[in-house]
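>>> Got a predicted model here, sequence first, then my questions.
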Amino acid sequence: MALGEKLWEGKGKSSGSSFIKSITMDGVTSIYSWSAQVKGVGRAKGADGNIHVTATGKMPPKGVASEDDLGTFMTMGGDMGVIKGFGLMKMTMGGKPSAVGLWCFMTMSEKLAWMNDLITVATFEALDPMWMEFTVTVHEWK
């Protein structure tokens, strides 16, 4: 399996608030939201829009953090879909934080129907250590 063509790229922001769901010996589980404005490229050209995600993340004392993503995708033209995904982030000290996720989509829009068979790899790079702002790039997964 390999990455396919780039579909979207953009910038995102954290909502700034997160809620602690639980604290165990395995780590801290929290719920947080983020939004990103994305520009479609390649097959997604013209599908510019906004992504809004609520994630449930588990951050261990060290190692790899994980999250489950539930979100919506709304194009500037008014077409809408939903996103379901799973992400991983390396816990690093110093350096630029980054994460990767696998997403699938579901939509009733005829214009975006091609997204119903789509699996993507979304990569994120934090622009600050607290993930208040970040870049996102979404590639098709072949």
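Right, received. Where do you want to start? Worth saying up front: this structure is predicted, and the values here are computed from it rather than measured.
>>> which parts of stretch 99-110 are buried?
Counting neighbours by 16 or more other CB atoms under 10 Å, one finds that the buried residues in stretch 99-110 are 99, 101, 103-105, 107, 109. Placement of C-beta: from N, CA and C, glycine included.
>>> er, stretch 30-41 I mean
Burial within stretch 30-41, assessed by neighbour count using 16+ other CB under 10 Å, is assigned to 30, 32-34, 36, 38, 40-41.
>>> sorry, back to before: out of the buried residues of stretch 99-110, which are inside strands?
Using DSSP state E, the members of these that fall within strands are 99, 101, 103-105, 107.
>>> Of those residues, which pair is most distant in space?
Considering CB to CB, no two members of those lie farther apart than 99 and 107, which are separated by 24.3 Å.
>>> Look up how far residue 81 lies from the most far-flung residue of the chain relative to its centre.
Note on the chain: the largest separation between a C-alpha and the mean C-alpha position, by CA atoms, centre = their mean, falls on residue 25 (26.7 Å). Computed as CB to CB, to the nearest Å, the residue 25 to residue 81 distance reads 38 Å.
>>> And for residue 7?
If you measure residue 7 against residue 81 using CB to CB, the figure is 13 Å.
>>> Next: residue 47.
Counting by CB to CB, the gap between residue 47 and residue 81 amounts to 10 Å.
>>> One more: residue 52?
Summarising the geometry, the distance separating residue 52 from residue 81, computed by CB to CB, is 12 Å.
>>> neighbour-wise, which of the two wins?
residue 81 (22 against 16; other CB atoms under 10 Å).
>>> where does the more buried one land in three-state SS?
The three-state label for residue 81, taken from DSSP: H, G, I helix; E, B strand; the rest coil, comes out as strand.
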